[in-house]
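Student: how would this look folded up:
(2 chains)
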Amino acid sequence: MPPTTQPTQPTTPDARPRTSSLRGVLAERASAEAAVGEKLDELWEEEPGLIGFITTVNHKRIGRRYLVTASFFFLLAGVNALIMRAQLGSPDNKLVDPELYNQLFSLHGTAMIFFFATPMNSGFGNFVVPLMIGTRDMAFPRLNALSYWIFLFSGLFMFSSLPLGLAPDGGWFAYVPLTGDKYLPGLNLDFYTLGLLFLAVSSTVGAINLIVTIIKMRAPGMSLNRMPLFVWAILTQSFMLVFALPPLDTANAMLFMDRRFHTRFFVPSDGGDAILWQHLFWLFGHPDVYIIVLPAMGMISSVIPTFSGRPILAYPFVVLATIATGIISFGVWVHHMFAVGLSDVSLSFFAAATLTISLPAGIQMFAWLGTLWRGRIVLSTAMLYAVGFLVAFTLGGVTGVMFAVVPFDQQVTDSYFVVAHFHYVLFGGAVLPILAGLFYWWPKITGRMTNARAGLWSFGLVFGGFNLTFFPMHIAGLLGMPRRIYTYQPGLGWTVWNVLSTVGAFVLAAGLLLTLGLFVHSLVRGERAPDDPWGANTLEWATGSPPKDYNFPVIPTVHSGNPLWDGRTLPSMVEHRHDPGRTLTEEHKTLRTSELDSRVEAVMTMPEETALPLLVAVLLTSMFVALLVSAYVAAGIIAGFMAVAVTWWLWHRPEVEPG
Amino acid sequence: MLAPKQRRLLMALGCVLTSGVVAGCDRSTPSALDPSGPKSDLVATSWWILFSVAAAVCILVTVLAVVPMLLRRRRRQVKGGDGKRFVMICGIILPGLVLMATFALSVTDIATDASPPRPSRMTIDVIGHRWWWEVRYQGSAAVTANEIHVPVGTPVQLRLQTADVIHSFWVPEVMPKMDLLPKRVNETWLSVSRPGTYRGQCAEYCGLQHAHMAFLVVAQPRADFDTWLGRQAQDAPQPTTAEAQRGLSVLTQSSCATCHTVRGTSATGDIGPDLTHVGGRQRLAAGAIPNDFGHMSGWVANSQTVKPGNIMPPQHLSPEDLRAVVTYLQGLG
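Tutor: Below you'll find the predicted structure:
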């Protein structure tokens, strides 16, 4: 396709250049592609067909798979929720029995947190981050494939429990001693402990991969103070995952041993401690809220500046707020335990910590609002969802602040008020931004545009349904309705609020189905997307839609925090189009740069496609299945095979030459 | 545009819902906003303060977010500047002040809530079981289940314990939650300011029948309470009719006695609730069903149809024996 735009005029990085046209291929990219595109195509092209499918290590394919798989699990866990809402739609309802209901809510929570929200963010991280920082793949592409396969298999492992009638039934935070083998025998809780340990392997390697990618592979010139806020959010989130998962893994390993080998970590009658589980779980669990919400906020920090046509307000404050959230979130876990009977000093301390963590959220909120006020708004579907997020997340935030008033927390904790609160935080604070992110990056991911009018309906139904589902729950909770009850009696004043919630849930489901239909329609019939349909400010929009396998024909020099608006970063792709140090056309290669200033340090050879990650993931899956069915010897043997496979994998190290 | 319309709709809905909370509470709703004791009074007062501030913040943010959308066609040019001062004032200083005030409220509430206004002279042990509540009055032989009588206007010391998993004691109109933890005793207090019956329910998920683990707090004037406690401390009354007499012998000779105690008889089981004065209780099965002849018969015959998974097995009694035993139990006032 011929270039249809003129090179952008140099302007200040303060605003979107007015001259940039939003159609076709960017002239700078066209010129760079013309120089080296063909050579790179040959080098980076992957095997077609099934072999390519199982051996791929391309971050974009893996990122897409993460998004599709996580959305699939969202659908399944959403159906769980619809069944629960149908059951609660009338008092003394007998649609499902308590056994199934308890499995449904336990699996719903576990799946939404672990198998949807976190991996969905990983999907965006995988697809968008390498593009945003101007590199050709993740730091460890094979590890990336491994982390995807493990995520897929652990999700299938966890969900297979439901058709077997053995889904976890101890709630998503699985409090002991209820979840010990004495009170909940059967494989249900073993699916939980093993499934989460299994998934944790994926999350941990995925997080380390993103950290290394972000720290070592940013395009020359993208010093830390020019890094996009979404990348900051993913970096912070990845560090949080690395530190938050060990307490959860430890707790799950201990519970598994309690259940199988009669260790007594959590058995109070034998000197174990029931509260220990709560500390370990929430020491993971509270940071996890931000592990989910921070990347979502990062998406908002991408969407709002683009559709306001100006950079975000107070960038350094937003960066500091992101990091501060990550750190403070490790110090607030006890507010999940205010009714446990702790000392007044602990209560006051954690009340203060809980209040502190809302400060960084306030900073980000007003940075977004200020950006809207000083911008020139384009009301796209992504922007609608972003504004919906601002409203919903604020509501979830203010009820969160209320919990710092300890006696109030003790009144509403474990009631539907809390259910309302965390759905405002997690649906309002994560799902709405994820939808904003999907609409925003959809043209980049698929090369197709979505229908704006249908987008309006999508937002209307989802946002309306969401509020109708979860707002009445605040009231049900204040009227004394505890959470996790499979039914309730008539005449308690709860029925009307539950009916509203149930109606809302089905409106929400209709909205989500419409959204799914809209995306499918776009894939089949959607208009072809230009490189930069929104006139955005970050580097991913300097690639094709969808990007070529090598992302950037020429690795650009980044001149500002809003590279596509500074008028210098894009032309650098043209300037360097004959520079072998930036085109890297000999082999599968990309640049390694310094941590702070992003100066070129070396040229790295990237690994080729391989089925090894799939093999290791299959072995790991069989090991967990063996552990589940108590075949410990078999599990040991499989672990041996896995060690051999991993050794084989690590034998050939990639070449690194000084740059 | 749909977005602002949506929001207007939402706001209207919000108003309707809020007024519903205030106006629509009848006495049978265990509403935290209709308090009948100092602990819940404190929380309800704090709630309205928190609610007002929260509503103001939500309205402010909604306006700030929606107005630029409505005015978007008026703006031709973006405004420059990086807005550090705006973010500093609105995002740090103002929220900081609000949060400090919230902390002051929290610390005051924690201190007020910690101890009763007057020292309590009475202690009640509450022991959680899957899925019912055992209640013991210290200094008295009285043992009851799922129904806690207290004198009105007097702080009562509570000692919360559990026989199995974690439960949580919650009477929204009277007191916020306190957990029942294995191998620990959580001490707290409770005071009811108006005579009446208040519904409580387990608030920590405790397994299959967590939904059916309710109880009642009955606040009575002192004299009535003393009478009640005196009666509860006594052994079960002797059966007065032949039918009831037959019921007693069925009870003591069948499997009932292995799990239940009826003081003054040879039934001394300690797995299920004490039945010494079961006839006087308002509800059965931890609030699941009313306490009358029909419901109790159904429960004794096969409690699994009422509350699946509870540990009481179906009782294979002849219709005559069943009628006799229920007649006897209903007579235990």
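Student: where does the stretch 51-200 of chain B have low pLDDT?
Tutor: For the stretch 51-200 of chain B, no stretch has pLDDT under 70.
Student: That one: strands as residue ranges?
Tutor: B:123-129, B:132-137, B:143-145, B:147-151, B:156-162, B:167-171, B:175-180, B:186-190, B:196-201 (DSSP state E, counting those that start in this stretch).
Student: Parallel or antiparallel, list what pairs with the second one.
Tutor: For strand B:132-137, the paired strands and their directions (DSSP bridges) read strand B:123-129 (antiparallel), strand B:143-145 (antiparallel).
Student: what's around B:Ala55, how many residues?
Tutor: 14 (other CB atoms under 10 Å in any protein chain shown). Any C-beta I mention is one placed from the backbone N, CA and C, and that applies to glycine too.
Student: and what of the one 5 residues further on?
Tutor: If you count neighbours by other CB under 10 Å, B:Leu60 ends up with 14.
Student: Domain-wise, how is the chain divided?
Tutor: Using chain A here. A:49-525, A:612-658 (automatic domain parsing).
Student: wrong one, I was asking about chain B
Tutor: For chain B, automatic domain parsing gives the domain ranges B:28-71+B:115-233, B:242-330.
Student: for the shortest one, the distance to its chain's centre please.
Tutor: Its chain's C-alpha centre lies 25 Å from the corresponding centre of domain B:242-330 when counted by CA atoms, centre = their mean, to the nearest Å.
Student: what's the first-to-last distance across stretch A:578-588?
Tutor: End-to-end distance of stretch A:578-588 (CA to CA, to the nearest Å): 17 Å.
Student: wait, what's in contact with the spatially most central residue of chain A?
Tutor: Nearest residue to the geometric centre of chain A (CA atoms, centre = their mean): A:Asn121, 1.6 Å. By CB atoms under 8 Å, 6 or more residues apart in numbering or on different chains, A:Asn121 lies in contact with A:234, A:237, A:291-292, A:295-296, A:434.
Student: do A:Ala529 as well
Tutor: A:443-444, A:446-449, A:545.
Student: Excluding sequence neighbours, find me the nearest residue to it.
Tutor: Distances taken as CB to CB, 6 or more residues apart in numbering or on different chains place A:Pro443 nearest to A:Ala529, at 3.4 Å, with adjacent residues excluded.
Student: what about whichever strand or helix holds the one you found, average pLDDT?
Tutor: When elements are assigned from DSSP states H and E, A:Pro443 belongs to helix A:432-446. Helix A:432-446 carries an average pLDDT of 98.
Student: just to revisit the earlier point, and the domains of chain A: which comes nearest B:Val43?
Tutor: Across the domains of chain A, B:Val43 has its closest neighbour in domain A:49-525 (4.6 Å, CB to CB).
Student: From start to finish, how long is that closest one in a straight line?
Tutor: 24 Å.
Student: where's it relative to the chain centroid, distance-wise?
Tutor: Averaging C-alpha positions (CA atoms, centre = their mean) puts domain A:49-525 8 Å from its chain's average.
Student: try stretch B:201-220
Tutor: 6 Å.
Student: right, is it up against chain A?
Tutor: Yes: Stretch B:201-220 is in contact with chain A by CB under 8 Å from any CB of the partner chain, via B:201-211.
Student: now do stretch B:68-82
Tutor: Yes: shown here: stretch B:68-82 in contact with chain A (CB under 8 Å from any CB) through B:68-69, B:72, B:75-82.
Student: Give the buried residues for that stretch.
Tutor: B:68-69, B:72, B:75, B:78, B:82 (16 or more other CB atoms under 10 Å in any protein chain shown).
Student: Widest-spaced pair of the residues you listed?
Tutor: Using CB to CB, the buried residues of stretch B:68-82 span at most 22.4 Å, a distance reached by B:Met69 and B:Asp82.
Student: can you tell me which residues contact the residue in the stretch 51-200 of chain A that chain B sits nearest to?
Tutor: Chain B sits closest to A:Leu178 of the stretch 51-200 of chain A, with a gap of 4.1 Å, by CB to the nearest CB. By CB under 8 Å, 6+ apart, A:Leu178 lies in contact with A:170, A:184, B:165-166, B:205-207.
Student: Sticking with it, tell me its helix or strand.
Tutor: Going by DSSP H and E, A:Leu178 is not in any helix or strand.
Student: Does A:Ser31 belong to a helix, a strand or coil?
Tutor: What DSSP: H, G, I helix; E, B strand; the rest coil gives for A:Ser31 is helix.
Student: Please tell me the pLDDT value assigned to the closest residue to it other than its chain neighbours.
Tutor: With CB to CB, 6+ apart as the criterion, A:Ser31 has its nearest non-adjacent residue at 4.9 Å, and that residue is A:Val574. Looking at A:Val574, its pLDDT is 95.
Student: Might you report the residue contacts of A:Val574?
Tutor: When contacts are counted by CB under 8 Å, 6+ apart, A:Val574 touches A:7, A:28, A:31-32, A:554.
Student: With B:Val152 instead?
Tutor: Counting by CB under 8 Å, 6+ apart, B:Val152 has contacts B:192-195, B:219-222, B:225.
Student: go again using 10 Å as the cut-off
Tutor: By CB atoms under 10 Å, 6 or more residues apart in numbering or on different chains, B:Val152 lies in contact with B:36-37, B:191-196, B:218-222, B:224-225.
Student: what does B:Ala65 give?
Tutor: For B:Ala65, the contact set (CB under 10 Å, 6+ apart) comprises A:365, A:368-369, A:372-373, A:386-391, A:394, B:3, B:7.
Student: Run a quick neighbour tally on the residue in the stretch 201-333 of chain B that chain A sits nearest to.
Tutor: Nearest residue of the stretch 201-333 of chain B to chain A, counting by CB to the nearest CB: B:Ala211, 3.6 Å away. When neighbours are defined as other CB under 10 Å, B:Ala211 has 24 of them.
Student: how much space between the residue nearest to the centre of chain A and A:Leu432?
Tutor: As judged by CB to CB, to the nearest Å, A:Asn121 and A:Leu432 stand 14 Å apart.
Student: where do the contact lists of those two overlap?
Tutor: In terms of CB under 10 Å, 6+ apart, A:Asn121 and A:Leu432 are both contacted by the residues A:296, A:299.
Student: Enumerate the positions of stretch A:180-196 that are buried.
Tutor: A:180-181, A:183-184, A:187-196.
Student: possible to save those residues as a markdown table with distance to A:Ser71?
Tutor: Shown next, in a markdown table, are the buried residues of stretch A:180-196 (distance: CB to CB, whole Å):
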| residue | distance to A:Ser71 |
| --- | --- |
| A:Gly180 | 35 |
| A:Asp181 | 35 |
| A:Tyr183 | 35 |
| A:Leu184 | 31 |
| A:Leu187 | 27 |
| A:Asn188 | 26 |
| A:Leu189 | 27 |
| A:Asp190 | 27 |
| A:Phe191 | 22 |
| A:Tyr192 | 23 |
| A:Thr193 | 26 |
| A:Leu194 | 24 |
| A:Gly195 | 19 |
| A:Leu196 | 20 |
